[in-house]
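> Based on what follows, work out the 3D shape:
(4 chains)
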2 protein chains.
Amino acid sequence: MLKGVIKTLTERQKVILQAIVREYTETGAAVGSKALAARLPIHVSSATIRNEMASLEEQGYVQKEHTSSGRIPSLAGYRYYVDHLVNNDAVAHADIQLIQNELSGSFNKIDEIIEESANLLSELTSYTAFTLKPEQADARLSGFRLVPLGNRQVMAILVMDSGEVANQTFTIPRSMSSDQLETVVRLINDQLVGLPITEIVDKLRVEIPAKVGQYMQTPEGFLQIFGRVLDQAATERFFVGGRLNLLNFSVNHNPQDLKSLYQLFDTSDDIASVLSPPDNKVQVKIGNEITNDLLKHYSLVTGTYDVGSHGRGMIAVLGPTRMPYSRMIGLVGAFRQELAAKLLDYYRNLDD
Amino acid sequence: MLKGVIKTLTERQKVILQAIVREYTETGAAVGSKALAARLPIHVSSATIRNEMASLEEQGYVQKEHTSSGRIPSLAGYRYYVDHLVNNDAVAHADIQLIQNELSGSFNKIDEIIEESANLLSELTSYTAFTLKPEQADARLSGFRLVPLGNRQVMAILVMDSGEVANQTFTIPRSMSSDQLETVVRLINDQLVGLPITEIVDKLRVEIPAKVGQYMQTPEGFLQIFGRVLDQAATERFFVGGRLNLLNFSVNHNPQDLKSLYQLFDTSDDIASVLSPPDNKVQVKIGNEITNDLLKHYSLVTGTYDVGSHGRGMIAVLGPTRMPYSRMIGLVGAFRQELAAKLLDYYRNLDD
DNA sequence: TTTAGCACTTACGCTATTTGAGTGCTAAGA
DNA sequence: TCTTAGCACTCAAATAGCGTAAGTGCTAAA
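Numbers count the residues shown, from 1 in each chain, chains lettered A, B, ... in the order given. The predicted structure is shown next:
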C-alpha cells in the first residue's frame, strides 16, 4: 500500500496544498476537488486534483474528515505551508498605522507599554496575545528603600537598574523601631546594590539573615517582605491581552478546559517556558509542537524584539491551528519592530 | 377565567411551592405532580397536587415550560420562597471553619483580606463573588509624597486616613526641577491634607491648578498624575473572585454576552451601583429586580459588614436565578460576620 | 498524463413515528 | 366540600427512514 514516501512536492502539488490551506483557514470547511479546480489558476480537471490530493494525503500533508469528505490540512501540512508556502505579502498599511498610533502616546512605565501591546496585538488578531518585558540577563538592584506612611505602615520600594520598580506596603511589628529599620535598609543597600538578582537570592538565604540578625530579633518577617518585592520585580514581566478571545477560538468548549487554560495564563513561569525564545526571528509552533499539553490543539506565533543593551523581550499570539498564518507572521513581524523602536525611544528619552 | 387573585397561600400550598423550588434548584428539571406526590411528607394524590399547582400558577408563583410540562418556579415564586420559605438551617460547620481558617492568616493590607475574601466566597459557592472594601464616607487625605527613584523616575504615594495607600510611578519632564516638585508637594500637603476626597476633587479643578501654576509652567501633567492616584485610592475598593465560574452558570453561552459581563465586572462604578447597600442584613435580588440589564437573568445575594468607625463594606454572590437560596443566604450571612470580625481585629492591631 | 464517467460513501436536513412524562377535566367517593 | 381515580390530550425528545449534495476512488479511453 505505501508506495514509498516521496520527500519533495511537485510545483503543482505545492500550489494545491497552498490553496487547500488558504481555503480551509478562510472557510473552515473541508475543501473538495471540484471547488478547488474551479478556484485554481492552473487549468486541470477535478480528477487530476483528486489524484494529486491522494498523493498529498499519502505524504501526510492533508487528511480527510471522513471517507468521502474533502481534504483538510494536517499539522504537517500547516508546517509545510508555513515553512515553504507563505507569501510575505506586505502587512496591511492600516495595521502598521494602528500600531504606531497606539504606541505613540506617552507612557509612564515600561509596563504600560508592554501591557498596551498585549491588548493591541490581541485586538489586531482577535486571538490571545502575550507580551514579555525585555529581560536584561544581568539586571541589578540599584536601590532599596522604606517609606514610612504613618500608623506602622511602611512601603518597601525596590528599583532595578533596568528601570523596573516594585513596591509593597506592609505593617511592621510593634517591636521594631525606626532606627532598626533604617539600619537594615542601609545594610541592604550597602551589601546588595549592584548585584544581579540571582546572586541576591542566594545571599538572602544565609549571609544576609545572619547580618540582619545583629540588629533585629526576628529578621525573618522583614526579609520575607524584601524577598517578595524582589520576586515581584523579577517575575512580573508578563502580560496577557484578549483573554476572552479564547472563547471564540477554543477547540473545547467545556468550562473545565477553559479554566485550566486561564490558570496557565496566570502562571508566568509556565507560559514563559512555553514561549522559549529561539532565534531572532518570528517563529511558528503548530499543535503538538508546543511543549505544553494544554496548548497542543492550538498554534503559537512568537517573535522576539531587541532593545539593545536593555535586553530582549518577546511577543506571541495564541490562536487555533487553523489560523491565517501569512497574516499572523506578517503582523507579529511588524509588531516586534515597532515595539523595539518604541522601547529604544523610551529608554533614550529616559537615559539622557 | 381569573377567579380573582388570592393573596395568601394555604399551608399546603406553601409546602408544595417550597418543594418545587427545592427540587428544581437541585435537579434543574421541571417538577411534575406525580414525582412531587411521592416526595412530599404529606399524603395526597397527584391529582390533588395538580389542583394546588394550578392554583399556584394562577397566582403567578410557578409556571410551565410548555403546555404539558411540569412546573418551574417563576421569579415571583423564588421571591416568595426567599421571603417566607427559606429555613435558616445552620450553615455547615465545615464552611465556617474554612472561612475562619482562610481569614486567620496575617495580612499586610486590607486589600489582601478583601481580595482573599472574594476568592474564598466564590470557591465556597461555585459562583462569582464580589467584595467591596469598607467605605468610610468621610475618608480624608492624610499625606502625599513623591519619592525620587533616580533617572527622572518618581513614585507618587498617597495615604488616606483610612489606611488606604495608592501609588504610581511616572517620569518627570526634563524641564522640572526637584525644587519645583518639592514645592508642589508641600503645597498639596498644606492645602489638601485633612480634606475628604470629594472636596479635593472639586479643588483640583480650579483652585489648585492656579496655585501650582505659580511654580510650574505646565502643572497639568503633574496634577493629572496626582488625580489619577487619588482616583485609584478612591475607586479601587472592589474585588471579583471566581470570574471563571460564570462559565458554569451563565444563561447565555455566546461569547459576546460573556464579554459584556466581564467588562461590567471591570467597571467598579457600575457594579457598586448594582450592589447598592440596603439595610444591614443579607439581601436577595432575583432576576429583573437587579437594576442592570446585563444581570437580569441572574440572582444576587448581597450582605453588608460593619467595621465600626472604619465604615461599612459589602460582599455579594452572583449566580443563576436557580440557586440554592437557603444555603447562599446562610453562607453570605456567616461570611459577613467573620469578615467584620477579622477586619475589626486587623484595625485594632494597627491602631494601638 | 490527463480526464470523463461511474459506482459508492457520508453528513445533513426533512419528515414521520414512537415514547414518556405530564396536564386538565370529569365524575364518583369520603 | 374536598379528594382522587381515570381518561383523553399535549408536547419534547429520541428514533428511524429517506432524499440530496458534495465528495471520493477507480477504470478506461484520449
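> Give the burial count for the residue of chain A found nearest DNA strand D, as a bare number.
In chain A, the residue that lies nearest DNA strand D is A:Gly32 (2.3 Å; C-beta to the nearest atom of the strand). C-beta here means a position set from N, CA and C on the backbone, and glycine is covered the same way. A:Gly32: 17 surrounding residues under other C-beta atoms under 10 Å in any protein chain shown.
> Let me know the secondary structure of the residue located most distally from the centre of chain A.
In chain A, the greatest distance from the average C-alpha position (C-alpha atoms, centre = their mean) is reached by A:Ser175, at 45.2 Å. Per DSSP: H, G, I helix; E, B strand; the rest coil, the secondary structure class of A:Ser175 is coil.
> One more: the one 10 residues further on?
Secondary structure, three-state DSSP: A:Val185 is helix.
> do stretch A:76-85 and DNA strand D meet?
No. Residues of stretch A:76-85 are not located near DNA strand D by C-beta under 7 Å from any atom of the strand, the shortest gap being 14.1 Å.
> for that stretch, which positions count as buried?
For stretch A:76-85, the neighbour count (16 or more other C-beta atoms under 10 Å in any protein chain shown) marks A:Gly77, A:Tyr78, A:Arg79, A:Tyr80, A:Tyr81, A:Val82, A:Leu85 as buried.
> now these as TSV including secondary structure and pLDDT?
Shown next, in TSV, are the buried residues of stretch A:76-85 (DSSP: H, G, I helix; E, B strand; the rest coil; pLDDT from 0 to 100):
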residue	secondary structure	pLDDT
A:Gly77	helix	97
A:Tyr78	helix	98
A:Arg79	helix	97
A:Tyr80	helix	97
A:Tyr81	helix	97
A:Val82	helix	97
A:Leu85	helix	95
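> residues near the residue in chain A that DNA strand C sits nearest to, how many?
As assessed by C-beta to the nearest atom of the strand, DNA strand C sits closest to A:Ser68 within chain A, at 2.9 Å. Using other C-beta under 10 Å, A:Ser68 has 7 other residues around it.
> helix, strand or coil for it?
Per three-state DSSP, A:Ser68 ends up coil.
> low-scoring stretches of chain A, by residue?
Along chain A, the parts satisfying pLDDT under 70 run over A:1-7, A:217-219, A:277-280, A:351-352.
> Which parts of it are strands?
Along chain A, counting by DSSP state E, strands occupy A:62-64, A:71-73, A:128-135, A:141-150, A:153-160, A:165-171, A:238-241, A:282-286, A:298-306, A:312-320.
> how about a markdown table for these, with distance to chain B added?
Shown next, in a markdown table, are the strands of chain A (distance: least, C-beta to the nearest C-beta, whole Å):
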| stretch | distance to chain B |
| --- | --- |
| strand A:62-64 | 28 |
| strand A:71-73 | 24 |
| strand A:128-135 | 13 |
| strand A:141-150 | 5 |
| strand A:153-160 | 5 |
| strand A:165-171 | 4 |
| strand A:238-241 | 14 |
| strand A:282-286 | 24 |
| strand A:298-306 | 17 |
| strand A:312-320 | 14 |
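> Next one: the closest residue in space to A:Asn292 that isn't next to it in sequence from A:Thr125, what distance?
Nearest residue to A:Asn292, sequence neighbours excluded (C-beta to C-beta, 6 or more residues apart in numbering or on different chains): A:Val274, at 4.9 Å. When distance is defined by C-beta to C-beta, to the nearest Å, A:Val274 is 18 Å away from A:Thr125.
> With neighbour numbers in mind, choose between these two.
A:Thr125 (24 against 19).
> contacting residues for the closest residue to the more buried one other than its chain neighbours?
Among residues not flanking A:Thr125 along the chain, A:Val317 sits closest, at 5.2 Å (C-beta to C-beta, 6+ apart). Contact analysis of A:Val317 by C-beta atoms under 8 Å, 6 or more residues apart in numbering or on different chains lists A:121-122, A:125, A:127-130, A:300-302, A:328, A:331-332.
> With A:Glu207 instead?
So A:Glu207 contacts A:Gln191 (C-beta under 8 Å, 6+ apart).
> Apply 6 Å and report the result again.
By C-beta atoms under 6 Å, 6 or more residues apart in numbering or on different chains, A:Glu207 lies in contact with nothing.
> now A:Met216
Taking C-beta under 6 Å, 6+ apart, one finds A:Gln180 in contact with A:Met216.
> Can you tell me how far it is from B:Asn189?
Computed as C-beta to C-beta, the A:Met216 to B:Asn189 distance reads 32 Å.
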